[in-house]
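Trainee: Next comes the sequence, and after it the predicted model I'd like to discuss.
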Protein chains: 6
Amino acid sequence: MNLERSERAEVLIEALPYIRRFADQIVVVKYGGNALAGTSDDDALAHFAQDVVLMRLVGLKPVVVHGGGPQISELMDRLGKTAEFRNGLRVTDSETVDIARMVLIGQVNPQIVAAMNVHGRYAVGVSGEDAGLIRAVARDPELGFVGDVADVNPAILTRLLDDEFIPVVATIGTDENGQAYNINADTVAGAIAEALDAEKLVYLTDIEGLRRKVDDPSSLIRQTTPDELDGLMADGTIAGGMIPKVESCVHAVRQGVRRAHILDGRIPHVLLLELFTDAGIGTMVEVPS
Amino acid sequence: MNLERSERAEVLIEALPYIRRFADQIVVVKYGGNALAGTSDDDALAHFAQDVVLMRLVGLKPVVVHGGGPQISELMDRLGKTAEFRNGLRVTDSETVDIARMVLIGQVNPQIVAAMNVHGRYAVGVSGEDAGLIRAVARDPELGFVGDVADVNPAILTRLLDDEFIPVVATIGTDENGQAYNINADTVAGAIAEALDAEKLVYLTDIEGLRRKVDDPSSLIRQTTPDELDGLMADGTIAGGMIPKVESCVHAVRQGVRRAHILDGRIPHVLLLELFTDAGIGTMVEVPS
Amino acid sequence: MNLERSERAEVLIEALPYIRRFADQIVVVKYGGNALAGTSDDDALAHFAQDVVLMRLVGLKPVVVHGGGPQISELMDRLGKTAEFRNGLRVTDSETVDIARMVLIGQVNPQIVAAMNVHGRYAVGVSGEDAGLIRAVARDPELGFVGDVADVNPAILTRLLDDEFIPVVATIGTDENGQAYNINADTVAGAIAEALDAEKLVYLTDIEGLRRKVDDPSSLIRQTTPDELDGLMADGTIAGGMIPKVESCVHAVRQGVRRAHILDGRIPHVLLLELFTDAGIGTMVEVPS
Amino acid sequence: MNLERSERAEVLIEALPYIRRFADQIVVVKYGGNALAGTSDDDALAHFAQDVVLMRLVGLKPVVVHGGGPQISELMDRLGKTAEFRNGLRVTDSETVDIARMVLIGQVNPQIVAAMNVHGRYAVGVSGEDAGLIRAVARDPELGFVGDVADVNPAILTRLLDDEFIPVVATIGTDENGQAYNINADTVAGAIAEALDAEKLVYLTDIEGLRRKVDDPSSLIRQTTPDELDGLMADGTIAGGMIPKVESCVHAVRQGVRRAHILDGRIPHVLLLELFTDAGIGTMVEVPS
Amino acid sequence: MNLERSERAEVLIEALPYIRRFADQIVVVKYGGNALAGTSDDDALAHFAQDVVLMRLVGLKPVVVHGGGPQISELMDRLGKTAEFRNGLRVTDSETVDIARMVLIGQVNPQIVAAMNVHGRYAVGVSGEDAGLIRAVARDPELGFVGDVADVNPAILTRLLDDEFIPVVATIGTDENGQAYNINADTVAGAIAEALDAEKLVYLTDIEGLRRKVDDPSSLIRQTTPDELDGLMADGTIAGGMIPKVESCVHAVRQGVRRAHILDGRIPHVLLLELFTDAGIGTMVEVPS
Amino acid sequence: MNLERSERAEVLIEALPYIRRFADQIVVVKYGGNALAGTSDDDALAHFAQDVVLMRLVGLKPVVVHGGGPQISELMDRLGKTAEFRNGLRVTDSETVDIARMVLIGQVNPQIVAAMNVHGRYAVGVSGEDAGLIRAVARDPELGFVGDVADVNPAILTRLLDDEFIPVVATIGTDENGQAYNINADTVAGAIAEALDAEKLVYLTDIEGLRRKVDDPSSLIRQTTPDELDGLMADGTIAGGMIPKVESCVHAVRQGVRRAHILDGRIPHVLLLELFTDAGIGTMVEVPS
């Protein structure tokens, strides 16, 4: 790269005050299972891991939350187990939740942890069962062990952050009898951001950002409010898999998280660019002051 | 139970000084995968979990280390994968180590964590990959990803213990490139006890204790030294699966662990009895002073 | 004692949660001068001292308060001084209060301190004069230097407890001119429990507990409330020397002490049994929640 | 008093650097039982108490050690007990040591404590039995319970000083079985000064200071060394009751106490004058540098 | 000086409680530029420096504030710059304020600092520009850079006091653009005393104290209130250069400074005499309680 | 500036590990008086001030040391004082050192402090007289008050750095009698870097860096050692005003300062570029490892 000194200085002068401002701030990043499922994603995971480690290096407190839907489906296939869906949600019997647990905690989570720890001793895998992090309730008896978040006890995350570790959270929760539930990772990310009183909640997605008109790329939303997003969900502009993300953003900023972001995870180092440059990237949600 | 007051008082008077003495002491307990694999073991796991939580309640710092051989074999079977052995050790190719990782971290570990956490928010699952806890080296290229312990960095355990959590360790380690290895859990337990400068290293087994003569129950060893155990291994009295346990005991007490114990895990609440009563249980190893 | 392992385990499982619960809690124990005056009491004092030291060993913060009426009378006899009584209370002239002070601080107190310190360097004798612990006011000019508690400044006790000592309190107080007064030890125990915001206030007596009907042993009160005790004092069921104890219990639990107990000091190790077993012993007073 | 401003300023300018220099320094003061036994001593005790409280007010850490021989004799008389002496030392049977304990701990000690506490909540009475402060050994079986100092464990004093209390020490010690011994207070004062690594050890006496020639007032020793004092004891110039004081001074300064002083306790406020003015008072002992 | 021991003791007994009472208390002392401008003032500065160092030695926290009018005039003369006055205030153009800054920060301040530091490493020069200590606003556009105190941020003083340094403050402030202003030192002293919640605000002047009648020395005011001083300023009894001092005293004690003093700086060691003796010196202002 | 996202990311990825590495590290920067003397230097001072504040924002601990030769000469001129030189060094009589003190402490120092404090409350002016920072000795009696550094007591700097202030040091020192001396600022910067055990010592100059051949720009030295520099000074390649800088670099890195740098202060933001980019700038001196 052949940048001029003055250009480099400019980037630094822009970045340093952000570094100061975000020192000791908690940023919860939802990293999608999709990003890990493909074959070409090694670089993406490596870039993501590098960004999170750099955030931590300069004093932020990142928390990573991940799902793993494609990987669960794959192991079910290999074990000859047929998935059943009801209203788009997978019916999760006892065996299925055990498989989900095994995949999320025992496969996807260590993969992310390992990608970070080639840079040092930073990442620690955590499941919602550890130290009672996530208490779950059944969403619907017909769906079996599909859970909603009943309660988040963030003590284990707080301690790990105080000790300068990077927690990587697998989204299995338990009810009071110790029964495991599989919970939507977008929802968990929002609940954790609220419980930690995070500065930022960031969703890394495969879209450029939210749009005001579905088919109009020029209608990309740079900055918005919970109220506008309520409207866009009500009129169907925002729909499908974006709903849990957007609902979590709306809820989180109303509960005290300073800002929520829908970022395009396909842009290399999008986390660093969002955090440390003036340029707007993706969609930012904030309660108007 | 109809104990007399005087009998209850006697037990208490015996126990309280041990509680004082063990306050803030670290006790590393190896809990076998066998104990979890059978059908009738629910009670055993529940008793074990209760004991460990009680130890923690009165101020000890327990660390649990577990394996999971039978459970790994079972998932391999279900996935149609044939195990290959060389000199009694399983050849572990890349897929096999991924299965081992999934089973140990994603199945056995959460099962133990959940059994403890019905009593509160105590247990936290940890793998050897977290925060670089266990660095592994290949034992033998022909065996694939079967690892030996190259180094233990106990920072994550120390922090969790300081924060009054109970770490439950799955024995997957990584080399410097982030490649996972499966490591013998008996060996890991000893290495962790040494790295933590533990007061005690305890193996819960399915034997009454070590014997001086293989076939003579009356030759049960109550108390012994590293030197005597070296002899019993040299002359073949101690052999087979007991070797990693006994070698770890010998190494650990020579490296500063105060006492190592081979206990009969079939005795209900054997941990409490060993810790808090005068009665000798199983075999105790100590460097003669 | 030939208890089964399972019986010992049962006692421990019962006791350990209490140990946790009482950690760092303050327990004020009133120990009677009678208990020390007889000839056969050496064992009783030794048992009592052992119990208090064990309480301290497992993290409780015991405070012992004692009187010494019989010992005061004995020295007065030896010095040829005749006791005069008015309404059952000893008229206490200047010489008498000097004798009381000498006996309580210089004879009874060191005897208790010494019994504890054969187990280690735990006990520290304290009088109400030290660091202004107890400020006294005259109860009745005609009685001379018989005092009531005007004020408790617990700083010296708090510091000694923080430093893990066991304070043993002789119940001499002073007015603002430094004049000594003899104060009822039952009353002082209650006032100290209140000032320290104690978890428990315990009276070791020579009765089994309070009764609802004076002559009916089967009417022993296991658990009661301040209101019921007010009634039993009003109708004369509770009378005589029990009044200062019961009044102190009633006042203390209303002022925030969690529980007050009237225990039978003749039962060996009654303190340990009350604290660390489920079995009800003596009478327990608590504000209904 | 009609001092000029300049004279007052001069005293202050002289005193303030001493106050700085002695801040947080420990000064052990031996206060004689004689001083308390007479009838006209009320003022002397009041002045002494005021001086010690003022020392504490400006940041020094005073420790008072006292005896009480005359008071012990008086109570023995009243109890019709005849004193027996051997080589000038009182034979101390079990009853005698109980009387000594009662008098020192229960009479003299509270009298000094009370005199200080009219100024605030400063003084705390301590006996050698508290928290194992003084362990005693018998001096000579024929003398009974006359003890020598075997060991000083100053933990209780250190804690009280850290908490800004003024410890007042009665010189009863115990052997390992809890048996009380009466110990020479001059000796105890020296042993405590050593154990506390005191800045100063001060004996308040009824002489002007030590002399180089017994009968020559002009031979008053202002400043001396342990070696010179060894000589004066060897040749008999120093003899009798001064021996334990001088021996303690010699031992203490050789063991690290910075300075020892023999002061004339009859001079009002002699402690303040010694500490905070340039004028030499009494005899000062120091290891030559 | 040939004071009797009893006289010395009396001074000490009087002084020691004040030393206790003022420990860790902040005393802001305004030291006039006049005092430094003359030729015979070397002794005065040396005495003042000694007093302030002694105050600090015994635990007070002195802050010195100084002006330097005569010295500013002198340098202006040497640079051939004519002073212009309007309503008795010097018109301060850009060059004049640079001269004032140079003199106050670079000449007067180091002179005071050096006088103290011959006694040790105590004093640290501070200007109102350091760490944003004093923010200034223009008093009147016609006067140029003559400032009033807009805001005091005492962080730098608090830190220096916590670190046991003696801050010596030159009274240059800055507006938000970094422009320097010259501010009346009497006013700054009061504002700093308020911002530090000082115990005392002391003006060292060249008068004996305030008077109730201008020409009547016998009307010297020993003790007064803000209300009385308001009256004396309203009726012209207090006028001229005393106005900023008296206004600052009145404002400061109303804002929480405990006492303000107008002292005669010509009395040697007047600071020590005021602080540590009972004798009244100069005029003391206090809100009636 | 129209940098690509990937370019910005690249700069950040390069910079963040440096930020981590330099966290809490002390960097001593010598800023020349020349830089302030010219007319066009307002921007240069503003850039420099911004860089130092940014360094502090991201956790470094910068210390600025400055001289002011041209400004001293200018005031001497205005005061009609003729400079006399001997061997190239200004003869400094008492009046001259007073002028130097006034200029450095009262003019140049506040100018730098003010430039930083437009960004916040960061900078604090310090002279070598404050808290005894720099003790000076006369270099040569014939030169008058030209000093060498006898001793640096960095306590005041350490405290200010701990409190997150930026110290700006004027290089006036004092001897033990409080006499001021003017000291070469290059030398002071090195001595302070050593006393603070700094990570870096940086000289901002008006040359590109050191050269191996005086007239050959291509011989610019990127990286060198103390030994090589000793040679270049010995053979005259390095001469004149660079000598104190280079000697200080050599001495400092030999005394434990990690790296010393000669940078071209004319490059905007050269401090940021040196610290946070991989590109080599100017000349770096390091002891070979």
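Mentor: On my side now, so go ahead.
Trainee: in the stretch 101-250 of chain A, which spans are helices?
Mentor: In the stretch 101-250 of chain A, the helices defined using DSSP state H, counting those that start in this stretch lie at A:109-117, A:155-162, A:185-195, A:226-234, A:242-254.
Trainee: what's the fourth one packed up against?
Mentor: Think helix A:226-234. Applying 3 or more Cβ pairs under 8 Å, 6 or more residues apart in numbering or on different chains; DSSP states H and E, one finds that helix A:226-234 contacts helix A:242-254. The way it works is simple: take the backbone N, C-alpha and C, and place the C-beta from them, glycine included.
Trainee: gap between the next helix or strand after the helix it packs on and the chain center?
Mentor: Next along the chain after helix A:242-254, taking DSSP states H and E as the criterion, comes strand A:259-264. Mean C-alpha position of strand A:259-264 versus that of the full chain (Cα atoms, centre = their mean, to the nearest Å) differs by 10 Å.
Trainee: who touches the helix or strand following strand A:259-264?
Mentor: Next helix or strand after strand A:259-264 toward the C-terminus (DSSP H and E): helix A:270-276. Helix A:270-276 has contacts (Cβ atoms under 8 Å, 6 or more residues apart in numbering or on different chains) with A:14-15, A:18-19, A:22, A:27, A:29, A:48, A:51-52, A:54-55, A:60, A:202, A:204, A:261, A:263-264, A:267, A:279, A:281-282, F:5, F:8-9, F:12-13, F:16.
Trainee: Can you tell me the strand partners of the helix or strand following helix A:270-276 and which way each runs?
Mentor: Next in sequence after helix A:270-276, counting helices and strands by DSSP H and E, comes strand A:283-285. If you go by DSSP bridges, strand A:283-285 pairs up with strand A:223-224 (parallel), strand A:259-264 (antiparallel).
Trainee: Could you check how many residues crowd around the closest residue to A:L104 other than its chain neighbours?
Mentor: Distances taken as Cβ to Cβ, 6 or more residues apart in numbering or on different chains put A:A170 closest to A:L104, at 4.2 Å, once the chain neighbours are dropped. Number of residues near A:A170 (other Cβ atoms under 10 Å in any protein chain shown) recorded here: 33.
Trainee: give me the beta-bridge partners of A:A170?
Mentor: Counting by DSSP bridges, the residues bridging with A:A170 are A:H66, A:S127.
Trainee: doesn't A:V126 make contact with it?
Mentor: Yes: the pair A:A170 / A:V126 is scored as a contact, 7.2 Å apart, by Cβ atoms under 8 Å.
Trainee: Relative to chain D, how far out is A:I281?
Mentor: 58 Å (Cβ to the nearest Cβ, to the nearest Å).
Trainee: Hmm, I typed the wrong one, I wanted A:G106.
Mentor: A:G106 is 53 Å from chain D, by Cβ to the nearest Cβ.
Trainee: what sits against the closest residue to that residue other than its chain neighbours?
Mentor: The spatial neighbour of A:G106 that comes closest, neighbours along the chain excluded (Cβ to Cβ, 6+ apart), is B:G106 at 2.2 Å. With contacts defined as Cβ under 8 Å, 6+ apart, the neighbours of B:G106 are A:101-107.
Trainee: Give me the pLDDT for B:G106.
Mentor: For B:G106, the model assigns a pLDDT of 97.
Trainee: Distance of it relative to B:N153?
Mentor: To B:N153, B:G106 is 23 Å away according to Cβ to Cβ, to the nearest Å.
Trainee: cool, and A:G125?
Mentor: Counting by Cβ to Cβ - A:G125 and B:N153 are separated by 16 Å.
Trainee: Which one's more surrounded, these two?
Mentor: Neighbour totals were compared for A:G125 and B:N153, and A:G125 leads with 27 against 15 (other Cβ under 10 Å).
Trainee: Could you check the pLDDT of that one?
Mentor: You'll see A:G125 listed with a pLDDT of 98.
Trainee: How much space separates it from C:I13?
Mentor: Per Cβ to Cβ, A:G125 is found 33 Å from C:I13.
Trainee: go on, A:L273?
Mentor: For A:L273, the distance to C:I13 equals 57 Å [Cβ to Cβ].
Trainee: which of these two has more neighbours?
Mentor: More crowded of A:L273 and C:I13, by other Cβ under 10 Å: A:L273, with 20 against 15.
Trainee: Can you read off the pLDDT for the more buried one?
Mentor: At A:L273, pLDDT is 93.
Trainee: closest point of chain A to chain E, which residue?
Mentor: With Cβ to the nearest Cβ as the measure, A:R20 is the residue of chain A nearest to chain E, at 17.6 Å.
Trainee: next SSE after the lowest-mean-pLDDT helix or strand in chain A?
Mentor: Lowest on mean pLDDT, DSSP states H and E among the helices and strands of chain A sits helix A:34-37, with a mean of 64. Counting by DSSP H and E, the next helix or strand C-terminal to helix A:34-37 is helix A:42-57.
Trainee: For A:I26, give the beta-bridge partners.
Mentor: Counting by DSSP bridges, A:I26 is bridged to A:K61.
Trainee: So what's the residue count around it?
Mentor: So A:I26, with other Cβ under 10 Å, has 22 neighbours.
Trainee: ok, now which ones touch it?
Mentor: Contact partners of A:I26, counting by Cβ under 8 Å, 6+ apart, are A:60-63, A:161, A:193, A:196-200.
Trainee: Buried residues, stretch A:124-141. List them.
Mentor: Under the neighbour-count criterion of 16 or more other Cβ atoms under 10 Å in any protein chain shown, stretch A:124-141 has A:124-136, A:138-139 buried.
Trainee: from those, which is closest to C:E247?
Mentor: Of all the buried residues of stretch A:124-141, C:E247 sits closest to A:G132, with 45.0 Å by Cβ to Cβ.
Trainee: ok, the closest one touching B:V118?
Mentor: No: look at A:G132 against B:V118 with Cβ under 8 Å: they stay out of range, at 10.0 Å.
Trainee: Give me the residue at the spatial middle of chain A.
Mentor: A:K30 (0.8 Å; Cα atoms, centre = their mean).
Trainee: Got the phi and psi for it?
Mentor: phi -90, psi 120 (degrees, to the nearest 10).
Trainee: quick one: contacts for the closest residue to it other than its chain neighbours?
Mentor: Nearest residue to A:K30, sequence neighbours excluded (Cβ to Cβ, 6+ apart): A:A189, at 3.9 Å. Neighbouring residues of A:A189 by Cβ under 8 Å, 6+ apart: A:28-30, A:65, A:201, A:203, A:248.
Trainee: Whichever residue of the stretch 151-289 of chain A sits closest to chain F: neighbour count?
Mentor: Using Cβ to the nearest Cβ, the single residue of the stretch 151-289 of chain A nearest to chain F is A:H269, 3.9 Å away. When neighbours are counted by other Cβ under 10 Å, A:H269 registers 20.
Trainee: Tell me how far it lies from E:N153.
Mentor: 40 Å.
Trainee: One more: A:R21?
Mentor: A:R21 is 21 Å from E:N153, where distance means Cβ to Cβ.
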